[in-house]
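Asks: Sequence below, structure please.
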Amino acid sequence: MSNSSPYPLLFSLYEQASVGCGGAPSLWTHPLDDRLQVNSLDRWKNVAITAEEANLDALFFADVLGLYDVYGGSADAALSWAVEAPANDPFVYVPALAALTERLSFVITASTTYEHPFALARRFGTLDHISNGRIGWNIVTSYLSSAARNFGMDEMLKHADRYERADEFMDVIYKLLEGSWAADAVVANKAERVYARPGSVQPINHVGSHFRVDGPSLTSPSSQRTPTLYQAGWSPRGREFAAKHAEMVLLPKKDPNEIATGLADIHRRAAERGRPAGEIRSMALARIITAPTAIEAQKKYDDLQSNYHLEAQLVSYAGDTGIDLSKYADNEPLTTESNGLTSYVVKGAPADKPLTAGDVRRKFENVTRGTDLLFIGTPADVADQIQAHAATSGLDGYMINPLVSPGTLNDFAEFVVPELTSRGLYDSEPKSGTLRSRLRSDKSDLLASTSYGASFRQTLS
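Replies: From the prediction side, this is the model:
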């Protein structure tokens, strides 16, 4: 394996503060699914406590900033199927859930296209303080045209422009959280009547193409300073961004050989920047269907399939990619030129054959989609599949994308965790420390000294 610490593997839970999300957006219609309770804190309390008791590393919140209005030329189908809608703000959930838990970490998606770095640095700094360092940031550049219009733009920024803005955004974040307060700035001495050492808190005076920020950060340094950095870009530009900034790469891929090749590329790019391969960890999105017997596991799959609806998945695909399949007959080739999530555009087979609408519909006719990573069977079967996949792919772990909530998480905790633990693939010891310290081999709370962000720190005199 190419990862730095293959065993035990890392496991987190993928969630979204909306009704129609997860492995298949229509499965909120399943009789046992509870996502209609998305507005209830009790629902999220149960998710967080179950995840903590199962000793998962983190609860990961995906997010969107607009409606999926590509399919059929409007948001009607998305609203009918609740595809990524309603979408509540995960920043509001996390403080409550952090107070209800002691060990579980929280990763929040935030966009470099529509956020402002000064305000975001303040929110992340505050959250990191009150959670004792249990906060991560999933860095996205966003992909919905509806989001662009929600923020006063005529159209979405081009792919390259979004990443160019993101690079400057990260510079401002680092200047604020890593550089504006020196390591010895906080004295907090009542007798001397000094909170911060004079001269140790400096403005950043950033003037760039997209941002002008005087600084300094309004929050004092938290235990991590910068939240642990997650990133999911898989395009060449996305991989370059990961090599520069990411500490955890999240992959929407299933083929272990494709994953291994992509990770090798990211690690090569990182090495050219002076970052060792072990500084960047990796996880893939995975769906898990399990039961005590193979027959019962297959029955669960069949039950999910009977509650699965293709149209909802095509609404999701259209929103992700910008390709509206409602306009195409099965035999019509699609344009795969997209300013959306290019890694989600299903390819034809063979690769030089034009992709048709029928190809995509057939790919998505089953509950787990043609592109999804699925582990299915008895607990031993699932553990075998995970172990084999990790060995080939070089992944550090998996992000569980629940098909039914809370069923998927409950089944994983009850059936799969004991089996993985018995094989040394799962860390059953209660988590401690910051999120970053759990990912780093040296257990440090701070960005690695070889990271790009660390170069913005003040040098002590």
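Asks: so where's the chain shaky on pLDDT?
Replies: For the chain, the stretches with pLDDT under 70 are 1-6, 22-23, 336-352, 369-371, 459-461.
Asks: Please, where are all the strands along it?
Replies: Here the chain has its strands, by DSSP state E, at 10-16, 58-62, 105-111, 135-140, 186-189, 194-196, 206-207, 212-213, 228-231, 248-251, 281-290, 374-377, 397-400.
Asks: contact partners of stretch 154-174?
Replies: Residues from elsewhere that reach stretch 154-174 (C-beta atoms under 8 Å, 6 or more residues apart in numbering): 112-113, 115, 117-118, 120-121, 139, 141-145, 147-148, 204, 206, 208-211, 213, 226, 233, 235, 237-238, 241, 244-245, 339, 342, 452-453, 455-456. The C-beta positions use only the backbone N, C-alpha and C, and glycine is treated the same way.
Asks: Select only the buried ones of those in ChimeraX?
Replies: ChimeraX command restricting the contacts of stretch 154-174 to the buried ones, with burial defined by 16 or more other C-beta atoms under 10 Å:
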select :112,113,115,117,118,120,121,139,141,142,143,144,145,147,148,204,206,210,213,226,233,237,238,241,244,245,339,342,452,453,456
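Asks: The contacts of stretch 154-174 in helices, which ones?
Replies: Using DSSP state H, the subset of the contacts of stretch 154-174 located in helices is 117, 118, 120, 121, 145, 147, 148, 237, 238, 241, 244, 245.
Asks: need the contact list for the last one.
Replies: Right, the one you point to is residue 245. For residue 245, the contacting residues are 139, 170, 229, 231, 451, 452, 453, by C-beta under 8 Å, 6+ apart.
Asks: So the first one sits against residue 227, correct?
Replies: Pointing back at residue 139 there. No. The pair residue 139 and residue 227 fails to qualify as a contact (C-beta atoms under 8 Å) at a distance of 9.7 Å.
Asks: still on that earlier bit, I'd like the strands of the chain laid out as TSV, including distance to residue 423.
Replies: TSV is the format used below for the strands of the chain (distance: least, C-beta to C-beta, whole Å):
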stretch	distance to residue 423
strand 10-16	14
strand 58-62	22
strand 105-111	24
strand 135-140	27
strand 186-189	45
strand 194-196	50
strand 206-207	49
strand 212-213	49
strand 228-231	26
strand 248-251	23
strand 281-290	15
strand 374-377	14
strand 397-400	14
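Asks: Out of those strands, which is closest to residue 270?
Replies: Closest approach to residue 270 among those is made by strand 248-251 (10.1 Å; C-beta to C-beta).
Asks: Please identify the pairing partners of that closest one and their relative orientation?
Replies: Strand 248-251 has these partner strands in its sheet, going by DSSP bridges: strand 228-231 (parallel), strand 281-290 (parallel).
Asks: among those, which is the most enclosed?
Replies: Highest mean neighbour count of the strands paired with strand 248-251: strand 228-231, a mean of 26 (counted as mean count of other C-beta atoms under 10 Å).
Asks: Does the residue positioned nearest the centre of the chain have any beta-bridge partners, and if so which?
Replies: In the chain, the C-alpha nearest the mean C-alpha coordinate belongs to residue 138, at 5.1 Å (C-alpha atoms, centre = their mean). Beta-bridge partners for residue 138, by DSSP bridges, are residue 109, residue 230.
Asks: Could I get the contacting residues of it?
Replies: Contacts for residue 138 (C-beta under 8 Å, 6+ apart) come out as 60, 61, 62, 107, 108, 109, 110, 230, 231, 232, 250.
Asks: got it, and residue 330?
Replies: Counting by C-beta under 8 Å, 6+ apart, residue 330 has contacts 356, 357, 358, 361.
Asks: one more time with 10 Å
Replies: Residue 330 makes contacts with 356, 357, 358, 359, 360, 361, 362, as judged by C-beta atoms under 10 Å, 6 or more residues apart in numbering.
Asks: Reformat the contacts of residue 138 as CSV; add distance to residue 51.
Replies: Output for the contacts of residue 138, formatted as CSV (distance: C-beta to C-beta, whole Å):
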residue, distance to residue 51
60, 10
61, 12
62, 15
107, 12
108, 15
109, 17
110, 21
230, 17
231, 22
232, 20
250, 17
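Asks: which one of these is nearest residue 395?
Replies: The shortest approach to residue 395 among the contacts of residue 138 belongs to residue 250, at 10.4 Å (C-beta to C-beta).
Asks: Which strand residues bridge the closest one?
Replies: Listed by DSSP bridges, the beta-bridge partners for residue 250 are residue 283.
Asks: Is it correct that it is in contact with residue 285?
Replies: Yes. Here residue 250 reaches residue 285: they are 7.1 Å apart, a contact under C-beta atoms under 10 Å.
Asks: Quick check: neighbours shared by those two?
Replies: The contact sets of residue 250 and residue 285 overlap at 14, 60, 62, 232, 399 (C-beta under 10 Å, 6+ apart).
Asks: my guess is the first one meets residue 283, correct?
Replies: Yes. In this structure, residue 14 is within contact of residue 283 by C-beta under 10 Å, at 9.5 Å.
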